[in-house]
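*Asks:* A predicted structure for the sequence below; I have some questions about it.
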Amino acid sequence: MATDINEKEQVDIGEYQYGFHDSTDKYFFTSGKGLNEEVVAQISEMKGEPAWMRDFRLESLRIFHEKPMPNWGSDLNRIDFQNIHYFMRASERQGKTWDEVPEEIRKTYDRLGIPEAEKKYLSGVKAQYESEVVYGSLDEQLAEKGVIFTDTDSALKDHPELFREYFGTIIPPHDNKFAALNSAVWSGGSFIYVPPGVEIDFPLQAYFRINAQNMGQFERTLIIVDEGAKIHYVEGCTAPTYSSDSLHSAVVEIIVKREGRCRYTTIQNWSNNVYNLVTKRAMAYRDALMEWVDGNLGSQVTMKYPAVYLMEPGARGETLSIAFANKGQHQDAGAKMVHCAPDTSSRIISKSISKGGGRSSYRGLVRVEKNAARCKSNVVCDALILDAQSRSDTYPYIEVENDNVAIEHEASVSKIAEEQLFYLMSRGLTEAEASAMIVTGFIEPLVKELPMEYAVEMNRLIELQMEGSVG
Amino acid sequence: MNSILKIEDLHVAVEDTPILKGVNLDIRQGEIHALMGPNGSGKSTLAYALAGHPKYEITSGKVEIDGTDIVELDPCERARLGLFLAFQYPVVIPGVKVADFIRHAVTNVRNPDRKEGENLMPMREFRKELKQRMEDLGMDTEFARRYLNEGFSGGEKKRMEILQMAMLQPKFSILDETDSGLDSDAVKVVAEGVNRLAGPGMGVLIITHHDRLLEYNIPQYTHVMLGGRIVETGDAELARELHNEGYQSVRERHPQEATDQLEPSAS
């Protein structure tokens, strides 16, 4: 398989499919590197925010400084907080149509295929480029039904009461160090409100992307699904390659009210130098359903544990996650389910693939509070290890304070079986094709949950990761 | 011109233990050969070694297809030269749809020079052909969308093997105990499938220690394996005799090989 050698080298040195980047000379405003009260106040001022938000940011900064770094998961000590840009505005105002979006930014999006996504879905496309959303459109019908789909900065201006009622209530700044950081310097993200009984049958989507070197990205997403409403939000991320470390630290807060349904799908493909530290949490009320579908590729370190707090009887939470750890990467991902009420149920399915010395960890918590009788939880984690240098760990935490519950946990670790490879190869598949097919099959349970174009992209990303894996 | 699969003085070891100790066998396109013998005589070892399983090390001897030595080729290259093994225990590949897998396999085997990532056989053409073959084998076309061998019954797995054989149209097929574990109706379905495919274009090696399959697919040659060697060759009558009388008389005629059986019992 001599033809694989070039590809192999390409993959191993961390060449990144979307590793192009635009010049950053044309940015209108940057905060400069570093983090202090002045920078935070300046961000708030630049955005023309009300005083309460400025105070919230400054208080969050104080909490950030107080909080210790997490001493579990991955080693985060190499993050240099003073060497990161905390705010950058890529254009002076938001584009309303595609043509109004600055050409350089459009060019980058074109290479990521955004316009096609737009054509296919004819729905709201929100794409975050750097810190603020630069392009947005929303199907008029949705707007007529009272659906709000905008960037979070605009929501603060245009829907101040709704915003203030929920912002920071699911993930307060003191939740963890990176939630505090995000609360201090957040910018952009999506804000969605779905009024009672409104069901949106097509996925709403947004793309995120880090471009400038040492550019922190701290988007803040808030989704409120009112009673009996339904939404599927899809977010895809790709970032170009840079030589120095980049930090992505988002906060996503979701409220799903009585009988509401929310699915939040993420495919992330950060370049190999990004620290991806995300806090995602939803609260689900009576008979509501919250589903996280989470695919993690790339990055240097990912720590992400989408959570569902099951607040009232009948609430259900599900997390389906896939992590692919390649050379030099640590994917520390999982889920958190907190049963705060009786008759609630949760399910976690986690699949990880480790290759080329990569490390993936499943870290999950199922917690049942004292009053939460008759709740059910099912956790399945499967790890696939592709070579002897790679590693996989499982850290399942189960805290149960009620005796009348049903909790199941299954974990498996497997290697690509020689028998599977031989079987496929005996039908004319090369070893690389056979391995890729086995991996694709392994993640099929997640991929089949994705909208078609994301499924295609996900399979393509896996193929890229698998190229040159043997030879 | 008829292709020929030539096996010459083949020695095979598994984890340094010699199992095959000099097997000679020629199979021409259009011929049906039966390979019989007690458990542990080396029949399945021959099948795996021919298909190129990495655990089965060919320590000496030759295997040629039309003069091309295949001993150093990996399993996918052998498949592309027209060799097919119907597995005794087909492997489950979770999450991989039957149709996707077979389309990939067929594309590669029909275009032996295809590089990874090049186009697959056109979907419409493939679907039409797959549907036809499935109907021939009395298979529900729903199987095309199922995951490969996952949750299949024994009979369904064996039929899936025959379906792959039908789609890949190999020059040489080795059926490794394809009749084992099947009830008589299932054996009949498999046998009819083989019958439909066997013909001037395919040479078949049927490995069995029953003769049920052979009732439907009458071999021109029957070989008896004992202690890692083919010790007797006859016609269809020999297969019937072995089935009725067992291997006692064979053991008596070949005492050396009879004590030579080292392969652990497979059943």
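*Replies:* Good, I have the coordinates.
*Asks:* could you pull out the helices for the chain?
*Replies:* Picked chain A for this. Counting by DSSP state H, chain A has helices at residues A:4-12, A:37-46, A:51-66, A:103-112, A:114-121, A:140-144, A:152-158, A:160-166, A:177-185, A:418-425, A:431-447, A:452-466.
*Asks:* The chain in question should be chain B.
*Replies:* Counting by DSSP H, the helices of chain B are B:43-51, B:75-80, B:98-110, B:123-136, B:154-168, B:184-197, B:212-216, B:236-245, B:248-253, B:255-258.
*Asks:* what's in contact with the shortest one?
*Replies:* By that I understand helix B:255-258. Contact with helix B:255-258 is made by B:226-229, B:231, B:250-252, as judged by CB atoms under 8 Å, 6 or more residues apart in numbering or on different chains. C-beta coordinates here come from the backbone N, C-alpha and C atoms, glycine included.
*Asks:* nearest to chain B, of the helices of chain A?
*Replies:* In terms of CB to the nearest CB, the element of those nearest to chain B is helix A:431-447, at 3.0 Å.
*Asks:* can you list the helices of chain A in CSV and add mean pLDDT, distance to chain B and mean neighbour count?
*Replies:* Shown next, in CSV, are the helices of chain A (pLDDT from 0 to 100; distance: least, CB to the nearest CB, whole Å; neighbours: other CB atoms under 10 Å in any protein chain shown):
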stretch, mean pLDDT, distance to chain B, mean neighbour count
helix A:4-12, 35, 8, 15
helix A:37-46, 92, 46, 16
helix A:51-66, 97, 42, 17
helix A:103-112, 55, 20, 16
helix A:114-121, 42, 20, 16
helix A:140-144, 79, 34, 11
helix A:152-158, 92, 37, 18
helix A:160-166, 97, 39, 14
helix A:177-185, 96, 34, 26
helix A:418-425, 94, 4, 21
helix A:431-447, 89, 3, 22
helix A:452-466, 73, 8, 18
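*Asks:* Where does pLDDT dip in the stretch 151-267 of chain B?
*Replies:* The stretch 151-267 of chain B contains residues with pLDDT under 70 at B:210-211, B:262-267.
*Asks:* who touches the nearest residue to residue B:155 once chain neighbours are set aside in this structure?
*Replies:* In this structure, residue B:155 finds its nearest non-sequential neighbour in residue B:186, 3.8 Å apart by CB to CB, 6 or more residues apart in numbering or on different chains. Counting by CB under 8 Å, 6+ apart, residue B:186 touches B:154-155, B:158-159.
*Asks:* Quick check: residues of chain A near chain B?
*Replies:* For chain A, the contact set with chain B under CB under 8 Å from any CB of the partner chain comprises A:3, A:417-420, A:422-434, A:437-438, A:440-445, A:463.
*Asks:* can you tell me which of the contacts of residue B:186 lies nearest to chain A?
*Replies:* Sorting these by distance to chain A puts residue B:158 at the head of the list, at 14.3 Å, by CB to the nearest CB.
*Asks:* burial measure for residue B:231, as a count.
*Replies:* Residues lying near residue B:231 (other CB atoms under 10 Å in any protein chain shown) number 19.
*Asks:* That one contacts residue B:242, doesn't it?
*Replies:* No - between residue B:231 and residue B:242 there is no contact under CB atoms under 8 Å: 11.7 Å.
*Asks:* Identify the contacts common to those two.
*Replies:* Residues touching both residue B:231 and residue B:242 (CB under 8 Å, 6+ apart): B:224, B:250.
*Asks:* Any idea which residue of chain B lies closest to chain A?
*Replies:* residue B:95 (3.0 Å).
*Asks:* sorry, back to before: can you select the buried ones from the contacts of helix B:255-258 in ChimeraX?
*Replies:* Entered in ChimeraX, the line below selects the buried ones among the contacts of helix B:255-258, by 16 or more other CB atoms under 10 Å in any protein chain shown:
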select /B:226,227,228,229,231,250,251
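*Asks:* from the contacts of helix B:255-258, which two are the most distant?
*Replies:* Across the contacts of helix B:255-258, the longest distance by CB to CB is 18.2 Å; it joins B:228 and B:252.
*Asks:* List the residues that contact the nearest residue to residue A:307 once chain neighbours are set aside.
*Replies:* Using CB to CB, 6+ apart and skipping the chain neighbours, the partner closest in space to residue A:307 is residue A:336 (3.7 Å). Neighbouring residues of residue A:336 by CB under 8 Å, 6+ apart: A:281, A:305-308, A:364-367.
*Asks:* likewise residue B:149?
*Replies:* B:90-93, B:157, B:160.
*Asks:* Within reach of chain A, which of those residues are there?
*Replies:* Okay, of these touching chain A (CB under 8 Å from any CB), that's B:90-91, B:93.
*Asks:* Relative to residue A:174, which of the contacts of residue B:149 is nearest.
*Replies:* Using CB to CB, the contacts of residue B:149 come closest to residue A:174 at residue B:93, 48.1 Å.
*Asks:* and residue A:247, what are its bridge partners?
*Replies:* Bridge pairing for residue A:247 (DSSP bridges) gives the partners residue A:275.
*Asks:* from memory it sits against residue A:278, does it?
*Replies:* No - look at residue A:247 against residue A:278 with CB under 8 Å: they stay out of range, at 11.0 Å.
*Asks:* still on that earlier bit, ok, and the most crowded of the ones next to chain A among the contacts of residue B:149?
*Replies:* That'd be residue B:93 among the ones next to chain A among the contacts of residue B:149, by other CB under 10 Å, with 24 neighbours.
*Asks:* And that residue, its phi and psi?
*Replies:* Taking degrees, to the nearest 10, you get phi -120, psi 100 for the backbone angles of residue B:93.
*Asks:* show me what contacts the residue nearest to it when sequence neighbours are not counted?
*Replies:* Excluding the flanking residues, the one nearest residue B:93 by CB to CB, 6+ apart is residue B:148, at 4.2 Å. Listed by CB under 8 Å, 6+ apart, the contact set of residue B:148 reads A:441, B:92-93, B:96-98, B:101, B:160.
*Asks:* Identify the farthest-apart pair in those residues.
*Replies:* Farthest pair in those (CB to CB) is A:441 and B:160. Separation: 15.6 Å.
*Asks:* how close does residue A:418 sit to residue A:424?
*Replies:* From residue A:418 over to residue A:424 the distance is 11 Å, taken as CB to CB, to the nearest Å.
*Asks:* OK, contacts around the residue of chain B closest to chain A?
*Replies:* Going by CB under 8 Å, 6+ apart, residue B:95 touches A:440-445, B:147.
*Asks:* Equivalent analysis for residue A:260, please.
*Replies:* A:194, A:225-230, A:284-285, A:288-289.
*Asks:* Check residue A:156 too.
*Replies:* Residue A:156 makes contacts with A:49-50, A:53, A:163, A:167, as judged by CB under 8 Å, 6+ apart.
*Asks:* Equivalent analysis for residue A:174, please.
*Replies:* Counting by CB under 8 Å, 6+ apart, residue A:174 makes contact with A:63, A:67, A:180.
*Asks:* Quick check: it vs chain B, distance?
*Replies:* 42 Å (CB to the nearest CB, to the nearest Å).
*Asks:* Could you do residue A:290 as well?
*Replies:* In terms of CB to the nearest CB, residue A:290 sits 25 Å off from chain B.
*Asks:* now residue A:255
*Replies:* 34 Å.
*Asks:* Next one, pLDDT for that residue please.
*Replies:* We have a pLDDT of 98 for residue A:255.
*Asks:* For it, give me its contacts.
*Replies:* So residue A:255 contacts A:166, A:169-170, A:223-225, A:282-283, A:285 (CB under 8 Å, 6+ apart).
*Asks:* Out of the residues you listed, who's the most crowded?
*Replies:* Highest count within the contacts of residue A:255 by other CB under 10 Å belongs to residue A:225, 30 neighbours.
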